[in-house]
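Undergrad: here you go, sequence then predicted model.
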Amino acid sequence: MHKDELLELHEQMVIIMEQFRSQDDVDSSLFDPYDELEVDPSHVHKSKSEHKHAVFVLGNALATAMSEDEFSDAGRVGKRMEELADDAEEKV
């Protein structure tokens, strides 16, 4: 994936995150690990690796917000996103 495509994906995921944050039944602290990264889609000067890591961390948070438990489809996606985020973090 090219960096511009990754930035577009990152931006779309942030829009989804904002929708979840606006819902009363979603714990917005799920997105704290993403916020702590301080990598925003508009930060084009950040490396592709940093954005990739942010996408995986955000993907994990989104999947967790959608999951009923760790064994649901979204729960399994969240677990895989967590693994990918850990792998991407090692490359940052």
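TA: Received the coordinates, thanks.

Undergrad: which element, helix or strand, includes the residue nearest the centre of the chain?
TA: Central residue of the chain (Cα atoms, centre = their mean): residue 58, 1.1 Å from the mean position. Applying DSSP states H and E as the criterion places residue 58 in helix 48-66.

Undergrad: next, the buried residues of that helix.
TA: Of the residues in helix 48-66, 50-66 count as buried by neighbour count, 16 or more other Cβ atoms under 10 Å. Glycine gets a C-beta too; all of them are placed from N, C-alpha and C.

Undergrad: other SSEs contacting the lowest-mean-pLDDT helix or strand in the chain?
TA: Least confident helix or strand, the chain: helix 73-90 with a mean of 84, by mean pLDDT, DSSP states H and E. If contacts are counted by 3 or more Cβ pairs under 8 Å, 6 or more residues apart in numbering; DSSP states H and E, helix 73-90 sits against helix 48-66.

Undergrad: outside of the helix it packs on, which residues touch it?
TA: Residues from elsewhere that reach helix 48-66, judged by Cβ atoms under 8 Å, 6 or more residues apart in numbering: 3, 6-7, 9-10, 13-14, 16-17, 20, 26-27, 30-31, 33-34, 37, 39, 41, 43, 74-75, 77-78, 81-82, 84-85, 88-89, 91-92.

Undergrad: now do it, average pLDDT.
TA: Looking at helix 48-66 alone, the average pLDDT works out to 94.

Undergrad: sec struct for the residue sitting furthest away from the middle of the chain, please.
TA: Centroid-distance maximum for the chain: residue 24 at 19.9 Å, with Cα atoms, centre = their mean. Three-state call for residue 24 (DSSP: H, G, I helix; E, B strand; the rest coil): coil.

Undergrad: any idea of the pLDDT on it?
TA: 88.

Undergrad: repeat for residue 35
TA: 97.

Undergrad: since we're on residue 7, how many residues are nearby?
TA: If you count neighbours by other Cβ atoms under 10 Å, residue 7 ends up with 19.
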